[in-house]
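> Got a sequence here, can you build the structure:
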Amino acid sequence: MKNTLILLSGLLLVACGSKKTEKNPFPANNEAIAVKVADVQSLENGKIIQATGLVTTENEARYSFKIGGIIESMNVDEGQHFRRGQLLATLKITEINSQLQQAQLGYEKAQRDFTRASNLYNDSVATLEQFQNAKTAMDIAKKNIDVVSFNQNYAAIYALADGFVTKQMAHTGEVVGAGTPIFMINENNANKDWVLKVGVTDKQWANIQENQQAQVTLDAFPDKTFQATVFRKSQAADQVSGSFQIELKLQLDTEKLAVGMFGKATIVPTIKTNQVAIPYDALIEAEGNKGYVFAPVSNTQVKKIPVLIASFDKNQVYVEKGLEGVGQVVVSNSAFLNEKSTIKIVK
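Numbering: from 1, shown residues only. Next up, the predicted model:
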């Protein structure tokens, strides 16, 4: 029995001795945690804004006839350029000519009626009311001629500026109503009116000013960078995308562009900002636009600082508030830190 107890005790000692001691992943209380730090970057001129959009021209329009009728001629085709004052399309004017003749005949009759009423009134046969009614009828008949003549002038479509047809929406022989679009056109004066329309957020919109410089690259010209100027800012958000539209006027040489080309714009805001940039690895416990970072207050101590996040991109986090006066932030081993931790800064 005694030998059995000795044997069991020996086996227990062997079993306990064979068990490996697991390494604690967390450092001991008195052990310094090795961390790396990065500088906080000040953005005096604001964060660079990058946006994408499509090429078009400054002015787009839909040309139509003021009156309805049958299209007699279409003098330009889709994609074709035209000059200011050029005749683009006409309606058959048989009906409008007949209306003009009717208006002229009505005016002649009103003139005769007024002459008779005037003579009778002078002879005290017609009353003043009859005389005035005849005068009013003559004036109305004259205005009817003016209306029909005006409509006759708009039975044809003339170009108001140089440009090109982006879409033809009707053809010869079709019956169209008043105001029905016939052409969708883009005005373009000697390659000077090309713009890139991009969408930006409300904060970006507020930091962009008209006449501000930008750089644009187009997929159609991958090796070329175009200089551009902020030409126009929309005053309302797009109802579909919710973004705000910025128009950048492109400075071209001999390049030939087309409506719908895809482009990327880089804009550097001129408005001063208090934002700073830090690496992604510095941010901890982020939720919404709030988060925390650790900043060294000495070579061995750190402080946990709450920050307000403005935005971010693929490389950095842009902080709007919280890092005033802070020069560096911790970018490694932040998960093992608290404000009582001892640190060792390494490179």
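> in stretch 33-46, what's buried?
33, 35, 37, 40, 43, 46 (16 or more other Cβ atoms under 10 Å). C-betas here are computed from N, CA, C, even on glycine.
> ah, wrong one, I meant stretch 160-175
For stretch 160-175, the neighbour count (16+ other Cβ under 10 Å) marks 161-166, 168-170 as buried.
> CA atoms only for it, dumped as PDB, please.
Listed in PDB are the C-alpha atoms of stretch 160-175, where the atom choice follows Å, rounded to 0.1, in the frame of the first residue of the first chain:
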ATOM      1  CA  LEU A 160     -29.600  80.800 -80.600                       C
ATOM      2  CA  ALA A 161     -25.900  80.000 -80.300                       C
ATOM      3  CA  ASP A 162     -23.200  77.700 -81.800                       C
ATOM      4  CA  GLY A 163     -23.500  74.200 -80.700                       C
ATOM      5  CA  PHE A 164     -24.400  70.600 -81.600                       C
ATOM      6  CA  VAL A 165     -27.400  68.200 -81.400                       C
ATOM      7  CA  THR A 166     -27.100  65.700 -78.600                       C
ATOM      8  CA  LYS A 167     -30.500  64.000 -79.300                       C
ATOM      9  CA  GLN A 168     -33.100  64.300 -82.000                       C
ATOM     10  CA  MET A 169     -36.500  63.500 -80.600                       C
ATOM     11  CA  ALA A 170     -38.800  63.900 -83.700                       C
ATOM     12  CA  HIS A 171     -38.600  63.400 -87.500                       C
ATOM     13  CA  THR A 172     -40.000  64.800 -90.700                       C
ATOM     14  CA  GLY A 173     -43.800  64.200 -91.100                       C
ATOM     15  CA  GLU A 174     -44.500  63.700 -87.400                       C
ATOM     16  CA  VAL A 175     -47.300  65.700 -85.700                       C
END
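> mind showing which ranges of the stretch 201-347 of the chain have poor pLDDT?
270-273 (pLDDT under 70).
> can you map out the helices along it?
Assigned helices in the stretch 201-347 of the chain, in chain order: 202-206 (criterion: DSSP state H, counting those that start in this stretch).
> cool, and the stretch 51-200 of the chain?
Under the criterion DSSP H, counting those that start in this stretch, helices of the stretch 51-200 of the chain are mapped to 94-122, 128-153.
> D77: what's it in contact with?
Going by Cβ atoms under 8 Å, 6 or more residues apart in numbering, D77 touches 165, 168.
> any idea how far it lies from T180?
D77 is 19 Å from T180, where distance means Cβ to Cβ, to the nearest Å.
> ok, now M138?
Counting by Cβ to Cβ, the gap from M138 to T180 is 35 Å.
> Pick out whichever of these two has more residues nearby.
Neighbour count, other Cβ atoms under 10 Å: between M138 and T180, M138 has more, with 20 against 14.
> State the pLDDT value of the more buried one.
Note on M138: pLDDT of 97.
> same question, L7
As predicted, L7 sits at a pLDDT of 36.
> Kindly report the same for the one 10 residues further on.
Looking at G17, its pLDDT reads 44.
> now swap in the one 4 residues further on and tell me
Reading off the confidence values, T21 has pLDDT 44.
> Kindly report the same for L12.
The model's pLDDT for L12 equals 39.
> go on, Q101?
96.
> And for it, the neighbour number?
The number of residues packed near Q101 is 11, by other Cβ under 10 Å.
> swap in V195?
Applying other Cβ under 10 Å, we find 24 residues neighbouring V195.
> Make a markdown table out of the buried residues of stretch 33-46 and add distance to G242.
Conversion of the buried residues of stretch 33-46 to a markdown table gives the following (distance: Cβ to Cβ, whole Å):
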| residue | distance to G242 |
| --- | --- |
| I33 | 44 |
| V35 | 41 |
| V37 | 39 |
| V40 | 32 |
| L43 | 25 |
| G46 | 22 |
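> Narrow the residues you listed to those in helices?
Per DSSP state H, helices hold no members of these.
> Among those residues, name the ones in strands.
Residues of the buried residues of stretch 33-46 located in strands (DSSP state E): 33, 35, 37.
> thought the second one was touching A335?
Going back to what we said before, that points to V35. No: contact criterion Cβ atoms under 8 Å: V35 and A335 do not qualify, at 11.0 Å.
> before we move on, the earlier item: farthest pair within the buried residues of stretch 160-175?
D162 and A170 (22.3 Å; Cβ to Cβ).
> Could you give the separation between the terminal residues of stretch 235-253?
Using Cα to Cα, to the nearest Å, the gap from the first to the last residue of stretch 235-253 comes to 31 Å.
> what separates it from the chain centre, distance-wise?
Here the centre of stretch 235-253 is set off from its chain's centre by 3 Å, with Cα atoms, centre = their mean, to the nearest Å.
> again with stretch 231-240
On Cα atoms, centre = their mean, the centre of stretch 231-240 falls 6 Å from that of its chain.
> what's it in contact with?
For stretch 231-240, using Cβ under 8 Å, 6+ apart, the contacting residues are 58, 195, 199, 202, 205, 208, 210, 243-249.
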